[in-house]
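*Asks:* model this:
(one chain, ligands or ions: 1)
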Amino acid sequence: MTVTHVAAAVLLREDGSYLLGQRAADTFYPGFWEFPGGKVEPGEAPRDALIRELREELGIEVVQCFPWIVREHEYEHAHVRLHFFRVTKWQGELQDHVHAALSWQTIGAKSVAPMLPANGPVLKALTLPDFYAITQAARIGADAQLAALEQALKHGLRLVQIRERDMPEPQRTAFASEAVRLIQGFGARALINGDADMALELGADGIHLSARELMALTQRPEFKLVGASCHTRGELDQAIALGLDFAVVGSVNATPTHGMQEGIGWEAFNIIIADCPIPVFAIGGLQRDNMLAAWRHGAHGIAAIRSAWAVDSF
Ligand SMILES: Nc1nc2c([nH]c(=O)n2[C@H]2C[C@H](O)[C@@H](COP(=O)(O)OP(=O)(O)OP(=O)(O)O)O2)c(=O)[nH]1
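*Replies:* Numbering: from 1, shown residues only. Here you go, the predicted structure:
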């Protein structure tokens, strides 16, 4: 079956809500909900198709949009390749021309159903925040890290990796236990680096795998949320094949955390993650100020160790 390319828009409002449209009666899957968009025409770039479809379907002009994830799905009627974009600015009032209804939805609390079958993983990807902080208690001390963690959570941090490979036991478990309690107390999610047993014991939300651990696995670990660090497309393909929720790719810039290695730069980052079906965080000498660059190069967001805990970065 030939592949039908589709451009689909996640229109995001400042309050974090996103738009869904209900498919009209005369289409495949009538009554199902989808992201606005439509087929890419021959010779057309997906971004141009997105801009055209939003003009035709919703009467709006896209002002700012970023490439996000690309997912494939085989329906009875078509094999589709969906190019998702996050649309963060547009002009004009919504005037729907094709859907049975439109609805603004809260991320993680969808109130309409059913969704088109291809879109389940897309909704899960949307629940990931754009900033992923990684702890460094072994370097700055457990108390200082817990204090910085609390500050960051107060300022809206939603996803944290507890990565304390160099901390001796029993301090490591004691720190991780305290950190998970704090993180979850703020309604944020905590992932434990590498140690599945510890993640289970502490009731963490999931685990984060090193590239080496990732490459040794044959199936997805049984946690709600599983991410992995990748440096090559081969590693990223393994994360995709195992059905992981997200990957972290870098180092984009040189970073002292990994022995001052050279950064690969945004262009190489963009090539590694091309057409990736799972969200990717960029890492390596990055801070929140780099978010626009990250989005322009296809990243879901930024992961950071040092800059995550700097008070002036909130
Ligand atoms: N717009 C959109 N399409 C999606 C999503 N998820 C998903 O699987 N699709 C599929 C459904 C369709 O097979 C295809 C979109 O094509 P479309 O909406 O332009 O066209 P269609 O199949 O309704 O039919 P038509 O244009 O030939 O009348 O992509 C989504 O979130 N948004």
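*Asks:* low-confidence ranges, this protein, go.
*Replies:* Along the chain, the model assigns pLDDT under 70 to residues 257-260, 312-314.
*Asks:* ignoring the adjacent residues along the chain, who's closest to the most centrally placed residue in the chain?
*Replies:* Nearest to the geometric centre of the chain sits residue 279, at 3.8 Å (C-alpha atoms, centre = their mean). Using C-beta to C-beta, 6 or more residues apart in numbering and skipping the chain neighbours, the partner closest in space to residue 279 is residue 300 (3.4 Å). C-beta here means a position set from N, CA and C on the backbone, and glycine is covered the same way.
*Asks:* the one you found: how many residues sit nearby?
*Replies:* 27 (other C-beta atoms under 10 Å).
*Asks:* ok, now how distant is it from the ligand?
*Replies:* 17 Å (C-beta to the nearest ligand atom, to the nearest Å).
*Asks:* backbone phi and psi for that residue, please?
*Replies:* phi -70, psi -30 (degrees, to the nearest 10).
*Asks:* quick one: contacts for it?
*Replies:* 68-69, 125, 128, 130, 246, 279-281 (C-beta atoms under 8 Å, 6 or more residues apart in numbering).
*Asks:* is it true that residue 110 touches residue 122?
*Replies:* No - counting by C-beta atoms under 8 Å, residue 110 stays clear of residue 122, with 11.1 Å between them.
*Asks:* neighbour count winner among these two?
*Replies:* Counted by other C-beta under 10 Å, residue 110 and residue 122 do not tie: residue 122 has more neighbours, with 21 against 15.
*Asks:* checking the more buried one next. Helix, strand or coil?
*Replies:* helix (DSSP: H, G, I helix; E, B strand; the rest coil).
*Asks:* and the gap between it and residue 85?
*Replies:* 12 Å (C-beta to C-beta, to the nearest Å).
*Asks:* common neighbours of these two, please.
*Replies:* Contacts common to residue 122 and residue 85, judged by C-beta under 8 Å, 6+ apart, are residue 10.
*Asks:* where do the helices sit along the stretch 1-150 of the chain?
*Replies:* Here the stretch 1-150 of the chain has its helices, by DSSP state H, counting those that start in this stretch, at 46-58, 120-126, 137-140, 142-154.
*Asks:* deepest of the ones you listed, which one?
*Replies:* Highest mean neighbour count among those (mean count of other C-beta atoms under 10 Å): helix 46-58, with a mean of 19.
*Asks:* give the other helices and strands that it contacts.
*Replies:* strand 3-11, strand 37-39, strand 61-74, strand 79-91 (3 or more C-beta pairs under 8 Å, 6 or more residues apart in numbering; DSSP states H and E).
*Asks:* same list (the contacts of residue 300) but as CSV, adding distance to the ligand.
*Replies:* Formatted as CSV, these follow (distance: C-beta to the nearest ligand atom, whole Å):
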residue, distance to the ligand
68, 12
69, 12
125, 12
128, 18
130, 21
246, 19
279, 16
280, 20
281, 23
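*Asks:* tell me how this protein divides into domains.
*Replies:* Segmentation of the chain into domains, based on automatic domain parsing, reads 3-118, 131-313.
*Asks:* residue 204 sits in which helix or strand?
*Replies:* Residue 204 belongs to no helix or strand when elements are defined using DSSP states H and E.
*Asks:* hang on, the earlier thing: so which of the helices of the stretch 1-150 of the chain is nearest residue 174?
*Replies:* helix 142-154 (7.6 Å; C-beta to C-beta).
*Asks:* which residues does the closest one contact?
*Replies:* By C-beta under 8 Å, 6+ apart, the list of residues contacting helix 142-154 reads 133, 135-137, 140, 157, 160, 167, 171, 174-175, 178-179, 182-183, 186, 188, 308-309, 311, 314.
*Asks:* repeat the analysis, applying 10 Å as the threshold.
*Replies:* 131, 133, 135-141, 157-158, 160, 162, 164, 167, 171-172, 174-176, 178-179, 182-188, 190, 308-311, 313-314 (C-beta atoms under 10 Å, 6 or more residues apart in numbering).
*Asks:* for ChimeraX, what selects the buried ones among the residues you listed?
*Replies:* Buried residues within the contacts of helix 142-154, by 16 or more other C-beta atoms under 10 Å, are selected in ChimeraX with:
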select :131,133,135,136,137,138,157,158,160,162,164,167,172,175,176,178,179,182,183,184,186,188,190,308,309,313
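*Asks:* narrow the contacts of helix 142-154 to those in strands?
*Replies:* 131, 133, 160, 162, 190 (DSSP state E).
*Asks:* of all those, which two lie farthest apart?
*Replies:* The widest separation within those (C-beta to C-beta) is 15.8 Å, between 131 and 162.
*Asks:* I appreciate the help and will end here.
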